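S.K.: Sequence and predicted structure are below.
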Amino acid sequence: MLARERRERLLAEMRRDGLEAIVVYGTSWQEAYLRYVSDFGILEADGIAILTADGRCRLFVENAAEAERAQGEADGVDTRLVRNLAHAVGRELEAVSNQRLVAAPRTLLPAWLTASERSFRLEDGTGLLDRLLMEKAPNEIAVMRRAVALADEGYEFFRNAARPGRKQYEVVADVEAFLRRKGSPDNFMIIGSGNADVRGMAPPSERTLKPGDLVTTELTPAIEGYLAQICRTLVLGKANPVQKQAFAIWHEAMEAGIAAVKPGVTAADVARAENDVFRRHGLGEYTTSKYTRVRGHGLGLSTDIKPSLLEDVDIVLRPGMTIIVHPNTYHPVAGYMVLGDVVVVTENSCERLTRTPAQLFEMSA
Amino acid sequence: MRRGLISWSKAELPESALDARVARVQAAMGEAGIDLLAVYTNPARESGVAWFTGFIPYWNQCVMLLPRAGRPTLVAGMTARVRDWIMRNAHIEAVANTTKIGAETGRLIAETAPDAVVAIADIDSVPGSIVDGIRSSAAAVVDGSSLLERARAPADPAELAFAFKAASIAHTALANATADETDAARLVAAIDGEARRLGAEEVFIALAPDLTANRRLIRLEGTAPLAAAFAARTSLAYKGTWVRMVRTFGRDAMLVRDIASAVASFAAAVASLPRIDSLESFAAFLIEGCRTTTPLEPLAGTMLDDQHAIAPGTVVTVQATIETNGRAILVGAPVLVGRNGEASSSLVAPRFDDAG
């Protein structure tokens, strides 16, 4: 039902803009556009869907397992396994080359499709899709609430799985199995463990968790393709005064960011509210790209949709956006710390969806 | 996006093995008059850059630039905060972190090798923004796919070791599930968790929860009851090397015997690879392998109109639907394709305790 709602919403936009077709590209780290249009969650190789104004959706994939999955998972979509994605899609577009066509995200399309010698021209339709991905309909927000609740459960499980003597990848394996038992087919997760030597989170390694470690994670389970994230830090043992003082700054920054979220403000306003806290505490250097990527970001059909919360992003927040506010960065004494809650922008302010306490957890070592 | 074990082990993948691969390709570049080879990577196209450098992107995209002499350079879409992580996990000369990969790649070419002839592996699949960046600085751009494909076959000992390890993980993970299981989510959890605990970089589980109703393997959302005959496919990577294994589960004794018979037929059929005539007697089959940068590319099968060459000495994954006593049995395993007249054989036989 959600997939049909999304497609109808997009078709209405296409009619308004006089578009004959929208071409969307997807791969496992940029899956949102393809999922929005075709409801297929791509895992392997690349896929491109063409949605035409008459409501017909054709999905082209290069991987045989993906073709089989799409035929069973993507309702109302005509799936084709092709050898050369660009050429197969190009042949379809030649039939409508005199019409207005757009693509999203155009920069990731295979070069052959955007070459000037093609008979068709693909305008950039990324902005249209980005707006639909960001500003969610009520039914989408309802699924996001379920995903956030699962992220809360997932973090509770993680807290107990992260024990001294275990390797990072073993802990993540346990969390993944927990999420599969809950029926969630997908998750994004990175982890860090250690102290001041740890500059960030990464995929799990063989590093063994030790008493005294700060253990950070970003855990992002999916329900019906919608991903919700939680960021938390725990200490294996009792937190020392430096860790507690540092965490208090992270907490203050997250709360300042969430307090700034309301319709009409920009992503930059929220990032600035977070970063100002660090600057007040003499830690402004640690809000730069040398230490941190973003101060939060949109969530939905991908783990990282727009808007990125950065001081140079002028996207205006609107009702229906779901965002994680996370002032994750490095502390020069304590090490890398993370804290992030999901909010949904409401008509007047925002509602916090995350239920896990925003605290530095102390786990028995 | 990857969340399993990602780490470059120099014991498993020595620098000398990577250097030998680079040297092999550089020699071919010299013969072909190519100054730079550009190889694109993202989590779905990891197999090219991982083969050269050991590097696996857990998200985002990168371009590797290989000159005719010296080590490769990586242009990565991740910010500078993960620079140290990349350098620890990749055998490269340097990394440039940028959000404008195409432009930065073009700038590097202009700075280090103006007037270069640049070959791009799998050029038809590389994003236009990146190809445009390379074209802006190169004297000429050509397709580097066949050059890379020739250099990759046959698989070297390090690649074979990863394939054997991946196959072993897939088999152990599938063996962690039993035909008695009645809940699909619990079955998936048992397989997925075990594979990751054994060190899989990534795991995708697909199920046919009721083989008598539908033999299509899909990823389930939520859960479903498992019928008396069901099948599971594990697709997983170990350090950049992907395999698939398929197991059919049956609760009654006759089905268990039929599964054992199908597994034996499968073993006999794959022995004749790269010839595929024995597989053509099955209801359906599929052969996948990595030729250049994409893992598990379809090479031959009933779903395909044409066939790519199956190179002796490489690892392919074979899946088959075998009809026995009117029932569909799904079987699949990675296979080492024989060389010089030797028979091909499964890296790990797709045989399980309760299935003969």
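M.R.: Right, received. Where do you want to start?

S.K.: measure the residue in chain A that chain B sits nearest to to residue B:51 for me?
M.R.: Closest residue of chain A to chain B, Cβ to the nearest Cβ: residue A:177 (2.7 Å). Just so you know, the C-beta spots here come from the backbone N, C-alpha and C atoms, and that holds for glycine as well. Here the criterion is Cβ to Cβ, to the nearest Å. By it, residue A:177 lies 30 Å from residue B:51.

S.K.: OK, contacts around residue A:123?
M.R.: By Cβ atoms under 8 Å, 6 or more residues apart in numbering or on different chains, the contact list for residue A:123 reads A:100, A:101, A:102, A:103, A:106.

S.K.: quick revisit: between residue A:177 and residue B:51, point out the one with more neighbours.
M.R.: Shown here are residue A:177 and residue B:51; by other Cβ atoms under 10 Å in any protein chain shown, residue B:51 has more neighbours (27 against 23).

S.K.: what residue ranges in the stretch 251-365 of chain A are flagged as low confidence?
M.R.: Scanning the stretch 251-365 of chain A for pLDDT under 70 picks out nothing.

S.K.: got the residues of it near chain B?
M.R.: A:289, A:290, A:291, A:292, A:293, A:303, A:330 (Cβ under 8 Å from any Cβ of the partner chain).

S.K.: which residue sits closest to residue B:223, ignoring its sequence neighbours?
M.R.: Nearest residue to residue B:223, sequence neighbours excluded (Cβ to Cβ, 6 or more residues apart in numbering or on different chains): residue B:185, at 3.6 Å.

S.K.: can you pull the pLDDT of that neighbour?
M.R.: Note on residue B:185: pLDDT of 98.

S.K.: Quick check: which element contains it?
M.R.: Applying DSSP states H and E as the criterion places residue B:185 in helix B:184-197.

S.K.: One more: residue A:176?
M.R.: For residue A:176, the host element (DSSP H and E) is helix A:168-181.

S.K.: how far does the helix or strand that that helix is followed by sit from the chain's center?
M.R.: Downstream of helix A:168-181, the first helix or strand assigned by DSSP H and E is strand A:187-194. With Cα atoms, centre = their mean, to the nearest Å as the basis, strand A:187-194 stands 15 Å off its chain's centre.

S.K.: Check stretch B:158-173 too.
M.R.: Relative to its chain's centre, stretch B:158-173 lies at 11 Å (Cα atoms, centre = their mean).

S.K.: if we look at that stretch, which residues are touching it?
M.R.: By Cβ under 8 Å, 6+ apart, the list of residues contacting stretch B:158-173 reads B:12-14, B:17, B:51, B:155, B:191-192, B:194-195, B:198-200, B:203, B:234, B:236-245, B:315, B:333-334, B:336, B:346-348, B:350.

S.K.: Please check those residues and keep the buried ones.
M.R.: B:13, B:17, B:51, B:155, B:191-192, B:194-195, B:198-200, B:203, B:234, B:236-245, B:315, B:333-334, B:336, B:346-348, B:350 (16 or more other Cβ atoms under 10 Å in any protein chain shown).

S.K.: Inside helices: which ones of these?
M.R.: Counting by DSSP state H, the buried ones among the contacts of stretch B:158-173 place B:17, B:51, B:191, B:192, B:194, B:195 in helices.

S.K.: Tabulate these (CSV), appending pLDDT and distance to chain A.
M.R.: Formatted as CSV, these follow (pLDDT from 0 to 100; distance: Cβ to the nearest Cβ, whole Å):
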residue, pLDDT, distance to chain A
B:17, 98, 20
B:51, 98, 17
B:191, 98, 8
B:192, 98, 5
B:194, 98, 8
B:195, 98, 8
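
S.K.: between the residues you listed, which is nearest residue A:317?
M.R.: Ranked by distance to residue A:317 (Cβ to Cβ), those are led by residue B:192 at 36.4 Å.

S.K.: where along the stretch 251-356 of chain B do the helices fall?
M.R.: Ranges of helices in the stretch 251-356 of chain B, per DSSP state H, counting those that start in this stretch, are B:253-270.

S.K.: So in terms of bridging, what pairs with whatever residue of it ends up closest to chain A?
M.R.: Chain A sits closest to residue B:298 of the stretch 251-356 of chain B, with a gap of 4.4 Å, by Cβ to the nearest Cβ. According to DSSP bridges, the partner residues bridging residue B:298 are residue B:288.

S.K.: Now do the contacts for it.
M.R.: A:62, A:63, A:64, A:81, B:286, B:287, B:288, B:304, B:308.

S.K.: Give the buried subset of those residues as a PyMOL selection command.
M.R.: Only the buried entries of the contacts of residue B:298 go into this PyMOL selection, using 16+ other Cβ under 10 Å:
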select buried, (chain A and resi 62+63+64+81) or (chain B and resi 286+287+288+304+308)
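
S.K.: Residue B:286: what's its closest spatial neighbour, skipping adjacent residues?
M.R.: residue B:301 (3.7 Å).

S.K.: Can you give me the distance of the one you found to residue B:153?
M.R.: Counting by Cβ to Cβ, the gap from residue B:301 to residue B:153 is 19 Å.

S.K.: Find the centremost residue of chain A, please.
M.R.: Note on chain A: the residue nearest the mean C-alpha position is residue A:303, at 1.4 Å, using Cα atoms, centre = their mean.

S.K.: Scan the residues of the stretch 251-365 of chain A next to chain B and report the most crowded one.
M.R.: Ranking those using other Cβ under 10 Å puts residue A:303 first, with 25 neighbours.

S.K.: Save the contacts of residue B:298 as a markdown table, and put in pLDDT and distance to residue B:145 too.
M.R.: Converted to a markdown table, these look like this (pLDDT from 0 to 100; distance: Cβ to Cβ, whole Å):
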| residue | pLDDT | distance to residue B:145 |
| --- | --- | --- |
| A:62 | 96 | 14 |
| A:63 | 97 | 17 |
| A:64 | 97 | 19 |
| A:81 | 98 | 20 |
| B:286 | 98 | 22 |
| B:287 | 98 | 19 |
| B:288 | 98 | 17 |
| B:304 | 96 | 18 |
| B:308 | 95 | 11 |
